[in-house]
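Enquirer: quick one: sequence plus predicted model below, questions after.
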Amino acid sequence: MTPDRLVRGATDRPRSTVAGRVARGILLLPVAAWSLVGCYAYLPAAAAPGGDAGLAGRTVRVTLTPEGTRLVQPVLGNGVLEVEGVVAKAGPDSLWLAVRQVATGPRDRFASTGTQVALPRSALSRLEVQQLSRRRTALLAAAVAAVLATVASVASSSFGGSGSGDPGPSPQPQRIPSR
């Protein structure tokens, strides 16, 4: 048996390899969970699968006409231009929404508590349905993979080099000649 086998077992791994794998695993978990969220886009309701018929239970964003802004004022407040929410019921002439968010301007968005509001179709200037965007999700997944690869290489190099675990032969004592 070689001296190396006497010092460490045949299946022992250097600490740097184990530590690098643990660090990569710890970093991978939250990033992988976050990447599963995906990216969504809004499509015009006519372009969405099922059209207006399949709106019940779907998340939509509606842009209101000036008349629609006046109609929702008592329920949602002044100056609401867009309403985002889940369709509770869709009829030929109205849409019932459980409101998630309202917008009073391009940068002014406010969360809602799920207030339900009935919107006549005549009060809507645009109706969009939320869809999972495969392209955006693929780009996000590629970006996450690139970041993970970079972090993993940095983490493995910071935990040590190749890490053979063998310090080499011990130095021999030096003899000093006596006079």
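Expert: Perfect, I can see it now.
Enquirer: give me the below-cutoff pLDDT ranges for the chain.
Expert: Scanning the chain for pLDDT under 70 picks out the ranges 1-38, 47-53, 133, 136-137, 140, 158-168.
Enquirer: rerun at 80
Expert: 1-41, 43, 45-54, 106, 114, 132-146, 148-149, 151-175, 179 (pLDDT under 80).
Enquirer: got the residue ranges for the strands in it?
Expert: 40-44, 59-64, 82-90, 94-103, 109-111, 116-120, 124-132 (DSSP state E).
Enquirer: okay, these in JSON lines with mean neighbour count and distance to Ala149 next?
Expert: For every residue, glycine as well, the C-beta is placed using N, CA and C. Output for those, formatted as JSON lines (neighbours: other CB atoms under 10 Å; distance: least, CB to CB, whole Å):
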{"stretch": "strand 40-44", "mean neighbour count": "14", "distance to Ala149": "26"}
{"stretch": "strand 59-64", "mean neighbour count": "19", "distance to Ala149": "33"}
{"stretch": "strand 82-90", "mean neighbour count": "19", "distance to Ala149": "36"}
{"stretch": "strand 94-103", "mean neighbour count": "19", "distance to Ala149": "35"}
{"stretch": "strand 109-111", "mean neighbour count": "11", "distance to Ala149": "35"}
{"stretch": "strand 116-120", "mean neighbour count": "16", "distance to Ala149": "47"}
{"stretch": "strand 124-132", "mean neighbour count": "17", "distance to Ala149": "25"}
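Enquirer: dump those strands into a markdown table; add distance to Pro173 as well.
Expert: Shown next, in a markdown table, are the strands of the chain (distance: least, CB to CB, whole Å):
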| stretch | distance to Pro173 |
| --- | --- |
| strand 40-44 | 72 |
| strand 59-64 | 78 |
| strand 82-90 | 79 |
| strand 94-103 | 78 |
| strand 109-111 | 76 |
| strand 116-120 | 88 |
| strand 124-132 | 71 |
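Enquirer: quick check: phi and psi on Gly91?
Expert: phi -110, psi 180 (degrees, to the nearest 10).
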